[in-house]
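Asker: My questions concern the predicted model and sequence given below.
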Amino acid sequence: MRECYIFEKQMKRIFLFLVCCFMPLALLAQNTRSAQGIVFDNNGVPMAEAKLTAVGFNSSASTGADGTFNITVSPYAKFIEVSKEGYLSVQVEIDGSYLIVRLQVDKKYAENKAKAEEEARKAAEAEKARLAEEAEAARLAAEAAEKARLEAEERKRIEEERRIAAEKAAAEKAERDRLAAEAKAKAEEEKRIAAEKAAAEKAEAAKRAAEEKARIAEEKRIAAEKAAAEKAEKARLAAEAKAKAEEEKRLAAERAAAERAAAEQARLATLQQQQQTQGVANTQADAARLEKSAQEQAKREAELAKKQALKAEREKRAAKWKEASLKGYRSYVDASWAIDSYSLMMSGGLHYIGGYQANNCIFFGVGTGINLAQTYEWDRREQQLSPNSWNVPVYAYLRTNFINNRCSPFFALSAGYQFSTRREILVAFDQIVKYKTSAIFVNPQLGVDFRINPKHSVYVAVGATLFQRPEIIEVTPMTATFGSGLGWGIDLHLGFTF
């Protein structure tokens, strides 16, 4: 019993404690009320972050992003003041309805703000002018310092030039003494060089004779190859003519066989009718034989028609290619290989040619590319030329086809200027003399064009190139003399047209 009494007493204390805690909240809830509404600007746009204050009390709130608000105020508050920077404040009465507030722009605030901004701008411009004046003063000071430094350097340079001039005068005097001492040796050296030159000319003459002999042999070989090619072409044409005659003969035989088969079919039909009227026992066997003969005849006629259609299709395609117009812009990609009659060394190149096809036979345009030219790699101590060089030709190109078929022979002519890398020659006393190998060239070609379709083709051509080449006339211990001669070479072209 005592324990129950103690528990009941503790529960009463807890209940009284809770009543004391929640009583002020209930009283507070009965002494407040809320006001709701929305705030617009003078253009009817909801205004965010507008401040709301209960007049005479400490309650305050702000509008949300959509301009709405909900403020809790005292039940004794009658007005709410709505304000925002740049706008005129407004007091609205709390009447329990949904409040709609409109704020008007404060013109004086805008004018004061513009005035403050103008004063700030003027202050910034004044500060900028002050900084510019300071920078100009610093620049003038730097220019004065730089001028003093340059004057000191100029005095130092003049003194250095005077010293160099004195050293140069001493060196020139020493050089004159050395040249005077070498004059006698030079005369002996010139005599020796003259003897070597005579020997070199003799060797050069022998070399040119050998080259001429090789050239004649090469021309004979090319002529023999050309004659063999012409003979093979004639044989091919004769074989094609013979095959065509045999084809015509075979077609005539097939037509005759077809006529005989038709006559046999008519005879068999007559025989079948006779057998039907006479009631011969082997009527069915003759009918089967007649049907088989008719099927074989139909098969032969179908094969003949198929061959004639293929032949007509080939002739139609050839006529279509022949009648197709090539007029318009066209391009050539040309790979070439050449041999120089002067040095007998190979060279290769890749060119691009673009231009206009006036008709199916005449084309004109311009081309360029790059060539790798090879020459002799001579010994520098023997005063000879350096080896390979890259050349860039720029030329005009004219081409005309002799006929307008799938296989068409043509003549082409290119002429222009070839830009080449510099060469050098080493003479006595390690003196290097440089000269250019750039030159004018002309290249006629003969070739054959094979058409893949009406707009694309491949071709192969053989040409001869005439060009200027440098020629050493005389070499002395201190210099060299150059001239120009006429060189020629043979080249092979393989290209694609599109």
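Answerer: Yep, it's here. Numbering: from 1, shown residues only.
Asker: now whichever helix in the chain runs longest, how far from the centre of its chain.
Answerer: When the chain is parsed with DSSP state H, its longest helix is helix 107-278. From the chain centre to the centre of helix 107-278 is a distance of 17 Å (CA atoms, centre = their mean, to the nearest Å).
Asker: now that helix: mean pLDDT?
Answerer: pLDDT averaged over helix 107-278 equals 82, rounded to a whole number.
Asker: Tell me which residues of the strand or helix carrying A61 come out buried.
Answerer: In this structure, A61 sits in strand 60-62 according to DSSP states H and E. Taking 16 or more other CB atoms under 10 Å as the neighbour-count basis, strand 60-62 is seen to contain the buried residues A61. For the C-beta atoms, the positions are set from N, CA and C on the backbone; glycine is no exception.
Asker: Need the per-residue pLDDT for the most centrally placed residue in the chain.
Answerer: To find the centre residue of the chain, average its C-alpha atoms and take the closest one (CA atoms, centre = their mean): that gives Y352, at 15.0 Å. Looking at Y352, its pLDDT is 95.
Asker: Partner strands of the helix or strand encompassing it, with direction?
Answerer: Y352 is located in strand 346-357, with elements delineated by DSSP H and E. Strand 346-357 has the following sheet partners, assigned by DSSP bridges: strand 328-340 (antiparallel), strand 362-373 (antiparallel).
Asker: what does the longest one contact?
Answerer: If I follow you right, that is strand 328-340. For strand 328-340, contacts defined as CB atoms under 8 Å, 6 or more residues apart in numbering pick out 345-357, 363, 365, 367, 369, 371, 373, 375, 397, 465, 487, 489-498.
Asker: Swap in 7 Å and give it another go.
Answerer: When contacts are taken as CB atoms under 7 Å, 6 or more residues apart in numbering, the neighbours of strand 328-340 outside the stretch itself are 346-357, 363, 465, 487, 489-498.
Asker: so the spatially closest residue to G369 that is not a sequence neighbour bridges to which residues?
Answerer: Ranked by CB to CB, 6 or more residues apart in numbering and with sequence neighbours excluded, the top spatial neighbour of G369 is H351, at 3.2 Å. With DSSP bridges as the criterion, H351 is bridged to D334, G369.
Asker: Can you pull the poorly scored residue ranges out of the stretch 251-400 of the chain?
Answerer: Scanning the stretch 251-400 of the chain with the threshold set as pLDDT under 70 gives 272, 274-288, 290, 294, 315, 317-325, 342-345, 374-388.
Asker: circling back to that earlier point, give me the buried stretch members for the strand holding Y352, please.
Answerer: For strand 346-357, a neighbour-count test (16+ other CB under 10 Å) marks 347, 349, 351, 353, 355, 357 as buried.
Asker: With respect to R406, which of these is nearest?
Answerer: Q357 (16.9 Å; CB to CB).
Asker: sorry, back to before: for the strand holding A61, enumerate the helices and strands it packs against.
Answerer: The elements that strand 60-62 packs onto, with contact taken as 3 or more CB pairs under 7 Å, 6 or more residues apart in numbering; DSSP states H and E, are strand 51-54.
Asker: mind listing what the strand it packs on pairs with, with the direction of each?
Answerer: Taking DSSP bridges as the criterion, strand 51-54 forms sheet pairs with strand 60-62 (antiparallel), strand 79-83 (antiparallel).
Asker: looking at those, which is closest to F40?
Answerer: Evaluated with CB to CB, the strands paired with strand 51-54 place strand 79-83 nearest to F40, the distance being 10.5 Å.
Asker: just checking, next helix/strand downstream of the closest one?
Answerer: Past strand 79-83, heading to the C-terminal end, the next element that is a helix or strand (DSSP H and E) is strand 90-93.
Asker: just to revisit the earlier point, taking strand 328-340 as reference, get the angle to the longest helix of the chain.
Answerer: Relative orientation of helix 107-278 with respect to strand 328-340: 80 degrees, computed using axes from the mean of the first three to the mean of the last three CA atoms, to 10 degrees.
Asker: Summarise which helices and strands helix 107-278 is packed against.
Answerer: Using 3+ CB pairs under 7 Å, 6+ apart as the contact test, the elements touching helix 107-278 are helix 283-323.
Asker: ok, 10 Å please
Answerer: Counting contacts by 3 or more CB pairs under 10 Å, 6 or more residues apart in numbering; DSSP states H and E, helix 107-278 is packed against helix 283-323, strand 457-475, strand 480-497.
Asker: Now do that helix and strand 480-497, the angle between them.
Answerer: An angle of 60 degrees separates the directions of helix 107-278 and strand 480-497 when computed by the same axes, to 10 degrees.
Asker: can I see the domain layout of the protein?
Answerer: The record, using automatic domain parsing to delimit domains, assigns the chain the ranges 31-105, 223-323, 325-497.
Asker: Would you tell me which of those domains gets closest to D177?
Answerer: Across the domains of the chain, D177 has its closest neighbour in domain 325-497 (16.5 Å, CB to CB).
Asker: The residue nearest to G369 against G416, yeah?
Answerer: No. The criterion here is CB atoms under 10 Å, and H351 misses it with G416 at 11.0 Å.
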